[in-house]
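S.K.: return atomic coordinates for the entry below.
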Amino acid sequence: MRFIYYLLLLIIILLGATFATLNMQAVTLNYYIDQSTMPLALLLVLTFSGGCVSGLLIGFWLLFKSKLKHFRVRQRLYMIEKELENLRTIPLREKA
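M.R.: Model (predicted):
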């Protein structure tokens with residue numbers, strides 16, 4: 001299984017390297033204030049990396065919110081179970 005993983009990783013790296021060598025044209029990136037010139041492959045790698053980082057940050061934020069909500073619900077469940085246990089142990093009063 002590891003061999004297949006490393007082979008797949010090698011294929012992806014080789015495809016990326018050949019893509020980068022085929023797309024070495026310089027492109028001009030216009031900002032609102034300034035502009036810069038860089039190779040197309042570098043621009044694509046930076047864009048892809050920025051998307052991955054922002055996706056990971058959003059994913060971790062959603063995971064954190066979910067874990068926090070799960071913790072609060074478990075605390076509430078514990079308190080409700082404790083209250084139910086206390087109510088079950090209270091002796092019933094008979095009507096006189």
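S.K.: show the pLDDT at the residue nearest the centre of the chain.
M.R.: The centre of the chain sits closest to residue 59, judged by CA atoms, centre = their mean, with a distance of 2.6 Å. pLDDT for residue 59: 96.
S.K.: equivalent analysis for residue 96, please.
M.R.: Confidence score, pLDDT, at residue 96: 61.
S.K.: could you pull out the strands for the protein?
M.R.: For the chain, the strands defined by DSSP state E cover 26-30, 35-39.
S.K.: other residues contacting the last one?
M.R.: The list of residues contacting strand 35-39 from outside it, by CB atoms under 8 Å, 6 or more residues apart in numbering, reads 20, 23-29. The way it works is simple: take the backbone N, C-alpha and C, and place the C-beta from them, glycine included.
S.K.: now do that strand, average pLDDT.
M.R.: 91.
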